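>>> Compute the structure for the input listed below.
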Amino acid sequence: MDLSKNNFTGPIPNDLGNAGKIEYLNISENQFNAVLPRNLWNSRILKIFSTGSAKLIGNIPDFVNGCQSLYKLELQGNSLNGLIPWDIGHCENLISFNLNHNSLTRIIP
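Prediction:
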């Protein structure tokens, strides 16, 4: 599902992680000025998640019990801060991720 470049604002719905049929989600280049929902990685079939320049703030939610299918993660160009979640290493299928142009810390596991 491509929702990029729509000038969406406000919070990202908390139940986004429960959208069980979405394999690809692109919310890049919007004006959210919001945090990523904590249950974002609950989807068992999400393979590609792209949020480049979506004006996201706050921390990246932990990946505990999530991200089984995720293989591409693009969070670049936002205002994310804090630690890179230690459990990103549990995303066994993750082959590509982009975290540049944020204020994240920690060595990538």
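
>>> A strand includes S69, no?
No: when DSSP: H, G, I helix; E, B strand; the rest coil is applied, S69 is found to be coil, with no strand at that position.

>>> what's the weakest-modelled helix or strand in this structure?
When the helices and strands of the chain are scored by mean pLDDT, DSSP states H and E, strand 103-105 comes last with a mean of 91.

>>> now the helices for the protein?
Applying DSSP state H to the chain gives no helices.

>>> Which stretches in it count as strands?
24-26, 48-50, 57-58, 72-74, 79-83, 96-98, 103-105 (DSSP state E).

>>> What lies in contact with the first one?
Strand 24-26 is contacted from outside by 1-4, 16, 46-51, using Cβ atoms under 8 Å, 6 or more residues apart in numbering. The way it works is simple: take the backbone N, C-alpha and C, and place the C-beta from them, glycine included.

>>> Got a ChimeraX select line for the buried ones in the residues you listed?
Buried members of those can be picked out in ChimeraX with the line below, counting by 16 or more other Cβ atoms under 10 Å:
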select :4,16,46,47,48,49,50,51
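
>>> between the contacts of strand 24-26, which is nearest E92?
K47 (12.8 Å; Cβ to Cβ).

>>> gap between the closest one and Q31?
26 Å (Cβ to Cβ, to the nearest Å).

>>> Also L46?
Taken as Cβ to Cβ, the span from L46 to Q31 is 23 Å.

>>> quick one on the thing from earlier: with respect to V35, which of the strands of the chain lies nearest?
Across the strands of the chain, closest to V35 is strand 57-58 (Cβ to Cβ), at 3.7 Å.

>>> Nearest residue to E92 in space, please, no chain neighbours.
Excluding its sequence neighbours, the residue lying closest to E92 (Cβ to Cβ, 6 or more residues apart in numbering) is Q68, at 7.5 Å.
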